[in-house]
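> only geometry, no sequence info:
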């Protein structure tokens, strides 16, 4: 058996490109505009063409919580509509398809119009990891799956 990984199983094959960047001295609004324009959740911060960090949606959210009066707006002014949902019986593959098609990272799960849970990208990553190792999941992978 060869130790060479097939090209399609490498990060180079599956990665998104190009990676979007902002300069370290750019305004946060510039980073946000870039994220919105390209429908991405993060941009790489560069200085002298070298990556030095990353700005994510979560970073921005935390900053807003500390420094802006946006907290005074009603939630209804900020929600995304329509709400895209799934049922507990939906196949995982269908969830992947639905989330990718609608460009969403979270999928509320409803049963008889009652919220029963939510599927996130992290949930799907755990599923992929588990499935890729089944039926003999190594102990170090089990530990990762149980601690996430």
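Looks like it arrived, so ask away. All of these numbers come straight from a predicted model, not from anything done at the bench. Numbering: from 1, shown residues only.
> show me the strands in this structure, by range?
21-23, 42-47, 50-56, 106-111, 114-120 (DSSP state E).
> mean neighbour count for those strands - can I get that in a markdown table?
Just so you know, the C-beta spots here come from the backbone N, C-alpha and C atoms, and that holds for glycine as well. Formatted as a markdown table, the strands of the chain follow (neighbours: other Cβ atoms under 10 Å):
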| stretch | mean neighbour count |
| --- | --- |
| strand 21-23 | 16 |
| strand 42-47 | 16 |
| strand 50-56 | 12 |
| strand 106-111 | 15 |
| strand 114-120 | 13 |
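> could those go into a markdown table alongside mean pLDDT and distance to residue 92?
As requested, the strands of the chain are exported to a markdown table (pLDDT from 0 to 100; distance: least, Cβ to Cβ, whole Å):
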| stretch | mean pLDDT | distance to residue 92 |
| --- | --- | --- |
| strand 21-23 | 94 | 33 |
| strand 42-47 | 94 | 25 |
| strand 50-56 | 92 | 26 |
| strand 106-111 | 94 | 11 |
| strand 114-120 | 93 | 8 |
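> got the ones you listed as JSON lines, with distance to residue 84 columns?
Output for those, formatted as JSON lines (distance: least, Cβ to Cβ, whole Å):
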{"stretch": "strand 21-23", "distance to residue 84": "30"}
{"stretch": "strand 42-47", "distance to residue 84": "22"}
{"stretch": "strand 50-56", "distance to residue 84": "22"}
{"stretch": "strand 106-111", "distance to residue 84": "7"}
{"stretch": "strand 114-120", "distance to residue 84": "11"}
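> nearest to residue 87, of those strands?
Closest approach to residue 87 among the strands of the chain is made by strand 106-111 (6.2 Å; Cβ to Cβ).
> so that closest one versus strand 114-120, what angle?
If you take axes from the mean of the first three to the mean of the last three Cα atoms, to 10 degrees, strand 106-111 sits at 150 degrees to strand 114-120.
> what's strand 106-111 packed up against?
helix 92-102, strand 114-120 (3 or more Cβ pairs under 8 Å, 6 or more residues apart in numbering; DSSP states H and E).
> parallel or antiparallel, list what pairs with the shortest one.
Looking at strand 114-120 with DSSP bridges, its partner strands are strand 106-111 (antiparallel).
> give me the low-pLDDT residue ranges for the protein?
For the chain, the stretches flagged by pLDDT under 70 are 1-9, 11, 71, 148.
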